[in-house]
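Undergrad: Got a predicted structure here, sequence first:
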Amino acid sequence: MSGRHTGQQHSHTVEGTDPQLHVEVHEPKNDAGLRPVLLLHGFSSSAKLNWEDTGWLAALLEAGRRVITVDLPGHGRSGAPEDMDSYSPSRIRADLLQIAFDAGARPLRDGDSSSGLDVIGYSLGSRLAWEFGATQHELVHRLVLGGPNTADPLAEFDLLAAQRYLADGTPIADESTAGLLKMAQLLPSNNIFALLSLVEAIKGEPFDPAEAVPHVPMLLVAGENDERSATLPDLAAIGSKAGAMVEQLILPGRNHTNAITSRAFKQGAISFLAV
Amino acid sequence: MAEISFPLPDLGEGLIEATVLEWLVSPGEQVERNQPLVEVETTKSAVELPSPQAGKVVRIHGGPGDKINVGEPLIVFEVPDNTAGIVGTVPTEEAPKRRVRLSAVLDED
């Protein structure tokens, strides 16, 4: 189905330390000649869970797209560095830029549909994609943001309550925190302490979508019953106000967990990026 | 022609059931190997199950919202007799694989 190359971990030093990120580049059988697509997964997920098992990778390859996947720090097959800085959104964005260039992405050139980079994010990955698109306007061509939010649920995560719960089982009062931690613990492959480092780093750099707005065309997608993405129209308004072309796609009957496999989502994204 | 039934595969990590989100094929349809068949959701995540083989869909089990237990019938294909014979020779005990895949119920020929 797909060619796959690049090795264990991304080892290109960006800021003096190795980010230990696991990167894969997937080549389509019939290349459509379009720019590569970078996929950014959500909190407590991985490239495999978010994009492979859900059918996204196969669908994009089938559409002739070259696909770059990366596991966020502490997730999937990436390392779980000790230092907090490795988990900060700004550091992750710097690493993503290096990964994109290492995988062959080139700055946008007028009239060259193989230049630039398309980015698809889900949940936390959408937050990173929004900021990446806003800061890397010479590279990013279009964005697809799934399960997005104007605020970052992780920034309101009750870290102390989570640590107490992990230490002695004290129940967590905050519903969102309890839900996120439960989700993180469901997967034995998760490094729970690395995930909490990521939460702490995000609390230090909470999402402020109005601070830097991407000016590229964006497709915002969420399940109709996605309580974590109720602010999608507000995010769309922020983008439109800044002059970006923003499309919205709501998936009937879907929620934050099961919107991701939706064919309507995949087909919407593939056609939105096929220009 | 022969029929091959595929049960809901073991989705790993101790999961015993899944809920059907949406069927991507319908009875009577000819499908290719690896073509997406169905989206299902477990307590942990949503996944898309690719077809383990080519064939004509005879029956699908469970509509959107229905729970199916691991090992219960999910889909039945009609395949040429010789194909069914080849599938029938695959040993039932397979090494655990990370990738979720359907495998045939072999005693229903």
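TA: Structure's in. What do you need? Numbers count the residues shown, from 1 in each chain, chains lettered A, B, ... in the order given.

Undergrad: pLDDT weak spots in chain B?
TA: Per-residue confidence for chain B (pLDDT under 70) gives these ranges: B:82-101, B:105-109.

Undergrad: In it, which residue sits closest to chain A?
TA: Nearest residue of chain B to chain A: residue B:48, at 3.3 Å (Cβ to the nearest Cβ). Quick note: C-beta positions are derived from backbone N, CA and C, even for glycine.

Undergrad: secondary structure class for that residue?
TA: Secondary structure assignment for residue B:48 (DSSP: H, G, I helix; E, B strand; the rest coil): strand.

Undergrad: Go ahead and confirm it touches residue A:54.
TA: Yes - using Cβ atoms under 8 Å, residue B:48 is in contact with residue A:54, at 5.5 Å.

Undergrad: any residues in contact with both of those two?
TA: residue A:261 (Cβ atoms under 8 Å, 6 or more residues apart in numbering or on different chains).

Undergrad: returning to what we had before: mind checking how far the residue of chain B closest to chain A is from residue A:49?
TA: Per Cβ to Cβ, to the nearest Å, residue B:48 is found 12 Å from residue A:49.

Undergrad: Compare the two (neighbour count), which wins?
TA: residue B:48 (25 against 22; other Cβ atoms under 10 Å in any protein chain shown).

Undergrad: which one is the more buried one nearest to, not counting chain neighbours?
TA: Counting by Cβ to Cβ, 6 or more residues apart in numbering or on different chains, residue A:55 is the residue found nearest to residue B:48 once chain neighbours are left out, at 3.3 Å.

Undergrad: List the residues that contact the one you found.
TA: Contacts for residue A:55 (Cβ under 8 Å, 6+ apart) come out as A:261, A:266, B:36, B:39, B:47, B:48, B:50.

Undergrad: Kindly give a single ChimeraX line that selects the buried subset of those residues.
TA: The ChimeraX command for the buried members of the contacts of residue A:55 (criterion: 16 or more other Cβ atoms under 10 Å in any protein chain shown) is given here:
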select /A:261,266 /B:36,39,47,48,50
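
Undergrad: Please tabulate the contacts of residue A:55 in a markdown table and include distance to residue A:218 as additional columns.
TA: Shown next, in a markdown table, are these (distance: Cβ to Cβ, whole Å):
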| residue | distance to residue A:218 |
| --- | --- |
| A:261 | 22 |
| A:266 | 17 |
| B:36 | 26 |
| B:39 | 25 |
| B:47 | 27 |
| B:48 | 25 |
| B:50 | 30 |
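
Undergrad: Can you tell me which of the contacts of residue A:55 lies closest to residue A:164?
TA: Nearest to residue A:164 among those, counting by Cβ to Cβ, is residue B:47 at 33.4 Å.

Undergrad: In a helix, residue A:96, correct?
TA: Yes - applying three-state DSSP, one finds residue A:96 inside a helix.

Undergrad: That one against residue A:132, yeah?
TA: Yes - if you go by Cβ under 8 Å, residue A:96 and residue A:132 touch, sitting 6.0 Å apart.

Undergrad: Please give me every residue in contact with the nearest residue to residue B:54 once chain neighbours are set aside.
TA: Distance criterion Cβ to Cβ, 6+ apart; nearest residue to residue B:54, sequence neighbours excluded, is residue B:33 at 4.8 Å. Contacts for residue B:33 (Cβ under 8 Å, 6+ apart) come out as B:50, B:51, B:52, B:53, B:54.

Undergrad: Just the ones of these in strands?
TA: residue B:50 (DSSP state E).

Undergrad: Assign a three-state SS to the residue lying closest to residue B:55 once chain neighbours are set aside, would you?
TA: Using Cβ to Cβ, 6+ apart and skipping the chain neighbours, the partner closest in space to residue B:55 is residue B:77 (3.6 Å). Following three-state DSSP, residue B:77 is assigned to strand.

Undergrad: Now do residue B:77: how many residues are near it, please.
TA: Using other Cβ under 10 Å: residue B:77 sits among 24 other residues.

Undergrad: Residue B:37 is in contact with that one, correct?
TA: No - the pair residue B:77 / residue B:37 is not scored as a contact, 10.1 Å apart, by Cβ under 8 Å.

Undergrad: Show me what from chain B comes close to chain A.
TA: B:13, B:21-22, B:24, B:34, B:36, B:39, B:41, B:43-48, B:50, B:64, B:98, B:100 (Cβ under 8 Å from any Cβ of the partner chain).

Undergrad: Now the buried members of these.
TA: If we count by 16+ other Cβ under 10 Å, the residues of chain B next to chain A have these buried: B:21-22, B:24, B:36, B:39, B:41, B:44-48, B:50, B:100.

Undergrad: from those residues, which two are the most distant?
TA: B:24 and B:44 (21.0 Å).
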